[in-house]
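Novice: need a structure here:
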Amino acid sequence: MLEEHEFSEQKSLKRLARNCIVFSLAAHLLCAWFINWIYHPDQLFQILEFGGYKLGIIPAKDLAWEFSARLRPAIQPAAVYFIAKISGSSFNPVLTTLLLRFIAVIIGWVSLTFLTLIALNWVKDYQAKRFLLYCYACLWFLPYLHANFSSESLSGSLFFAGVGCAWMAKTRDNKNWLLACGLLIGLAFVCRYQTGFMIAGLVSWCLFIQKFSFKKIVYIFIPAVCTVVLGVLLDHWFYGEWVNTAWNYLKVNLVDGKANSFGVFPWWQYFVWSFSNMVLPFSIIIMAGAMYALTRFPKNIVVISVLPYIFIHFIISHKEPRFLFPLVDAVPVFLALSYARLKTVFDNKKALLLWFQRIFLVANVLIIGVIMFKPETDPYDLYDVIHDQYWDSKAVMFCSNDQPYSFIGMVTHFYKPDNFSFYPSLNKKNIDSMIVHTNTGHRPVLVFFDRERDERSFTRRHPEAKLIYTAIPPWMYYINVNNWISRTIKLSLYQMPDKVDRTSHL
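Specialist: So this is what the prediction gives:
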């Protein structure tokens, strides 16, 4: 009878695992398709722009200061370069970034799936296994962050895939798993040098917990070193000289203290960001589960791998939420380990626990839907529209405030059409007169707004203007509770008719 029950549970788990894998893959692919975003300007100015430099579309003088400091590893700009090259004979920033998102999301999904299936061996309780699979499939920030071609997301995904290979090498006497581990953790390091602290944790697990033989360590070491050498060669190809970007990064940011100029925070700031960014009140549960696992399972391969990374980032003065992004693949593991240990506490409240699981999982699925379709305050979808309709049009763009290609005092040339003429800050000038005298019918005249109040004032005076793009679709005005739209950054683009009555609006 017991064997029949265990067989039924195993069959149920296999069915649930298949469904969760399909759901997770669908969520990841949909996020890559719908969420056209960049979390931090570094990704734009130090990855895409650097790749654009190598493509010959951006001069070195227009690049961020990190280029002259020679501290950005070239592996991701190289990926931008090669993807752009295979995307077509003419440069297409929209297709290039779309392909990069899909590459990032597939790497993230494969790594997450691999680690989750392995982690099923670390929790023995049937309900804990189910909870692990649900977290793997439904935690909203997993596909959201994976669908971003950033060094944080990519390095974390590559590293945890390497962790999975190291664990497989423990259970199966096959050197190929060790070689794959070395390759993956080497790539993770070349993508983001801070991953070296997690690699140190993984090596500690191999040496002191599992007591890998010298031969096994060599099998990991050789492909890791080869990958680092590849990174050095890519750096030479990119910068045109032999450079040590890892040392430059360490010297400039930590020794010279450049990183501190971007803001310093106390050690507990990561808790503040995590609680707010992962959506309250669920973030409290996620953080509590993660902290419990980190303190109660010190010999677990995932826990021991991330502890040095967390410790170093707590004591470094400069902190940013994205510095924790490499850890996201470990969150389902942490939650499942904690659930398995604490489940007995709630055994007499199974109904309450079941309802909590349902609310937690349904809420996360709803958040995934919200982030896919919420209004965008960033202009990347607008870039797609401009590229599709106006890329070679030599259009004139009037901007109520700043142009849509400007960020924190810098202009992105990766997305920007070369042949456009821009006239910014026109909310303080006579925009109507300028449009009238510019609209000769020889090239499109576009008007860009980033605030609804400026847009409404303009459309009242120019009902003939054609709406080309808006970040807030008309149906959202039905849920404009307390007029929140008027206080939101709303990006809109209009095109003026070819012929304008020059006697009006003067």
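Novice: make it CA atoms for all contacts and neighbour counts henceforth
Specialist: OK.
Novice: verify the stated contact: Y81 with I47.
Specialist: No. The pair Y81 / I47 is not scored as a contact, 9.9 Å apart, by CA atoms under 8 Å.
Novice: can you give me the strands in the stretch 301-450 of the chain?
Specialist: Taking DSSP state E, counting those that start in this stretch, the strands of the stretch 301-450 of the chain run over residues 396-399, 406-407, 410-411, 421-423, 445-451.
Novice: rewinding a little: Y81 and I47: who's more crowded?
Specialist: More crowded of Y81 and I47, by other CA atoms under 10 Å: I47, with 25 against 21.
Novice: helix, strand, or coil at that one?
Specialist: Three-state assignment for I47 (DSSP: H, G, I helix; E, B strand; the rest coil): helix.
Novice: quick one: residues contacting it.
Specialist: Residues in contact with I47 (CA atoms under 8 Å, 6 or more residues apart in numbering) are 76-77, 80.
Novice: swap the cut-off to 6 Å and go again
Specialist: With contacts defined as CA atoms under 6 Å, 6 or more residues apart in numbering, I47 is in contact with P77.
Novice: and it, how far from F458?
Specialist: Distance of I47 to F458, computed by CA to CA, to the nearest Å: 37 Å.
Novice: in this protein, what helix or strand scores lowest on average pLDDT?
Specialist: helix 431-438 (a mean of 72; mean pLDDT, DSSP states H and E).
Novice: buried residues in it?
Specialist: Within helix 431-438, the residues scored as buried using 16 or more other CA atoms under 10 Å are 431-432, 435-436.
Novice: and stretch 16-28, by the same measure?
Specialist: Within stretch 16-28, judged by 16+ other CA under 10 Å, the buried ones are 17, 20-21, 24-25, 27-28.
Novice: okay, and which of those map to helices?
Specialist: Counting by DSSP state H, the part of those found in helices is 17, 20-21, 24-25, 27-28.
Novice: which SS class is the most centrally placed residue in the chain?
Specialist: With distances taken as CA atoms, centre = their mean, the residue of the chain nearest its centroid is N148 (3.2 Å). Following three-state DSSP, N148 is assigned to coil.
Novice: roughly how far apart are it and K374?
Specialist: Distance from N148 to K374, by CA to CA: 17 Å.
Novice: again, but for D454
Specialist: Using CA to CA, we find D454 at a distance of 22 Å from K374.
Novice: what's the end-to-end length of stretch 66-86?
Specialist: Start-to-end span of stretch 66-86 (CA to CA) is 27 Å.
Novice: that one: which residues count as buried?
Specialist: Buried residues in stretch 66-86, counting neighbours by 16+ other CA under 10 Å, are found at 66-67, 70-81, 83-84.
Novice: filter the residues you listed down to the ones in strands?
Specialist: Using DSSP state E, no member of the buried residues of stretch 66-86 falls within strands.
Novice: M198: which of these is nearest?
Specialist: Relative to M198, the closest of the buried residues of stretch 66-86 is P73; by CA to CA it sits at 18.2 Å.
Novice: over to that closest one: give its phi and psi.
Specialist: Dihedral pair for P73: phi -60, psi 150, per degrees, to the nearest 10.
Novice: show me what contacts it?
Specialist: By CA under 6 Å, 6+ apart, the contact list for P73 reads T245.
Novice: any idea which element S276 lies in?
Specialist: Assigned by DSSP states H and E, S276 belongs to helix 269-277.
Novice: from the contact counts, what lies against that helix?
Specialist: Under the contact criterion of 3 or more CA pairs under 6 Å, 6 or more residues apart in numbering; DSSP states H and E, helix 269-277 touches no helix or strand at all.
Novice: distance of K85 from I286?
Specialist: When K85 is compared with I286 (using CA to CA), they lie 42 Å apart.
Novice: oh sorry, the question was meant for N36
Specialist: When CA to CA is the yardstick, N36 and I286 sit 26 Å from each other.
Novice: now the helices: where do they sit in the stretch 101-250 of the chain?
Specialist: 126-138, 141-146, 151-171, 175-191, 196-204, 214-239, 245-250 (DSSP state H, counting those that start in this stretch).
Novice: same deal with the stretch 401-506 of the chain?
Specialist: 431-438, 452-461.
Novice: got a markdown table for those, with distance to P326 too?
Specialist: Below are the helices of the stretch 401-506 of the chain laid out as a markdown table (distance: least, CA to CA, whole Å):
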| stretch | distance to P326 |
| --- | --- |
| helix 431-438 | 46 |
| helix 452-461 | 37 |
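Novice: can you tell me which of the ones you listed is nearest to Q269?
Specialist: Per CA to CA, nearest to Q269 of these: helix 452-461, 34.0 Å.
Novice: gap between that closest one and the chain center?
Specialist: 34 Å (CA atoms, centre = their mean, to the nearest Å).
Novice: show me the shaky parts of the protein.
Specialist: For the chain, the stretches with pLDDT under 70 are 1-7, 346-348, 375-376, 427-430, 439-441, 474-489, 499-506.
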